[in-house]
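Trainee: I need the structure of the sequence given here:
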Amino acid sequence: MSKLNYKIGQIVPSSNVTMETEVPALFKARETIYPERFTFHSARMRMKHVTKDELAKMDAQSDVCAIELSDAQVDVMGYACLVAIMSMGKGYHCVSQNRLHQKTVENNYPTAIVTSAGALVEGLKALGVKKIALVAPYMKPLTQLVVDYIEDQGFVVKDWVALEVADNLKVAALDPENLKTIYKQLDLTDVEALVLSACVQMPSLAAVDDIEKEINIPVTTAAICTTYRMLKELGLKTHVPLGGALLSGNY
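Mentor: Residues are numbered from 1 along each chain as shown. Reported below is the predicted structural model:
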């Protein structure tokens with residue numbers, strides 16, 4: 001009999017409260033169609049303000065989190081901070097994933113690792129797009145690092161908006177309904193996909209489907225991509241790669 005019950009591990013910033021709501025919401029939507037069931041388990045890294053120095057200090061704590069989650073024998077782990085990875089240097093998601101996986105090997109429970117940074121890159125590749133636009137809550141210098149990182153992975157970021165919110169709890173308090181207006185600041189000419197939230201702390205699920213219908217191109221987020229990538233690592237069916245379809249569970 002195939003496995004039906006899975007434990008989803010998340011390595012999250014201590015001030016992150018969104019990843020533990022949006023990712024479970026996406027998995028729970030899938031449960032309305034498919035038989036697999038999921039539970040969610042977190043380990044936390046200290047971080048309150050989204051600055052380069054604080055992000056680097058936080059990332060250093062991720063090894064311990066991976067070990068703790070492997071104690072729980074989770075089936076997959078998601079590193080839930082896109083900007084922490086992207087601010088550490090181009091291609092760092094591969095370094096992080098390999099290092100954290102090795103920590104689980106050393107703890108005698110090898111576990112697949114997904115970073116939200118790597119998942120966004122892989123999700124955009126799965127969409128088959130090249131030219132994108134994005135919305136991020138970060139300060140402009142950090143947002144530029146994110147843009148540079150994504151472009152280094154082979155994409156063209158045609159336009160972007162930085163909301164310039166440094167306090168991580170204030171990021172979580174942003175109203176996703178406002179994204180329906182904010183995205184209109186972007187020039188979407190020739191853009192093939194919109195990353196509505198290049199941050200797993202900025203809520204966005206409530207706006208994804210409506211905006212996708214308005215602009216008639218794929219709309220995705222870091223949280224959606226992370227969920228998609230976790231499902232792929234678990235070997236579970238996910239035939240629609242990204243976008244509003246995930247919200248209905250029809251993927």
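Trainee: what about the helices in the stretch 101-250 of the chain?
Mentor: For the stretch 101-250 of the chain, applying DSSP state H, counting those that start in this stretch gives helices covering 116-127, 140-152, 168-172, 179-182, 205-215, 222-234.
Trainee: nearest to Asn108, out of the ones you listed?
Mentor: Smallest distance to Asn108 across the helices of the stretch 101-250 of the chain (C-beta to C-beta): 19.3 Å, for helix 222-234. For every residue, glycine as well, the C-beta is placed using N, CA and C.
Trainee: which other residues reach the closest one?
Mentor: When contacts are defined by C-beta atoms under 8 Å, 6 or more residues apart in numbering, helix 222-234 is touched by residues 6, 8, 18-19, 22-23, 26-27, 30, 75-76, 78, 80, 82, 112, 114, 116-120, 122-124, 126, 195, 197-200, 204-205, 208, 237-238, 241-243, 246, 251.
Trainee: re earlier: dump the helices of the stretch 101-250 of the chain to TSV, plus mean neighbour count and distance to Tyr34.
Mentor: TSV is the format used below for these (neighbours: other C-beta atoms under 10 Å; distance: least, C-beta to C-beta, whole Å):
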stretch	mean neighbour count	distance to Tyr34
helix 116-127	25	19
helix 140-152	18	31
helix 168-172	19	29
helix 179-182	17	28
helix 205-215	18	19
helix 222-234	26	10
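Trainee: out of these, which is closest to Ala56?
Mentor: The closest of the helices of the stretch 101-250 of the chain to Ala56 is helix 140-152. By C-beta to C-beta, the value is 12.0 Å.
Trainee: now for that closest one, which elements pack on it?
Mentor: helix 52-59, helix 82-86, helix 116-127, strand 131-136, strand 156-162 (3 or more C-beta pairs under 8 Å, 6 or more residues apart in numbering; DSSP states H and E).
Trainee: list the buried ones in the first one?
Mentor: Read it as helix 52-59. For helix 52-59, the neighbour count (16 or more other C-beta atoms under 10 Å) marks 54-55, 58-59 as buried.
Trainee: reformat the helices and strands packed on helix 140-152 as TSV; add distance to Cys65 and mean pLDDT.
Mentor: TSV is the format used below for the helices and strands packed on helix 140-152 (distance: least, C-beta to C-beta, whole Å; pLDDT from 0 to 100):
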stretch	distance to Cys65	mean pLDDT
helix 52-59	10	91
helix 82-86	12	92
helix 116-127	14	94
strand 131-136	24	98
strand 156-162	28	98
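Trainee: mind checking the SS state of the nearest residue to Lys237 once chain neighbours are set aside?
Mentor: Leaving aside its sequence neighbours, Lys237 sits nearest to Tyr34 (C-beta to C-beta, 6 or more residues apart in numbering; 6.6 Å). Under DSSP: H, G, I helix; E, B strand; the rest coil, Tyr34 falls in the coil class.
Trainee: mind listing what Val129 touches?
Mentor: 155, 192-193, 218.
Trainee: so which of those residues are in strands?
Mentor: Among those, the ones falling in strands (DSSP state E) are Ala193.
Trainee: which stretch among the helices and strands packed on helix 140-152 comes nearest Asp175?
Mentor: The minimum distance between Asp175 and the helices and strands packed on helix 140-152 falls on strand 131-136, with 13.2 Å, by C-beta to C-beta.
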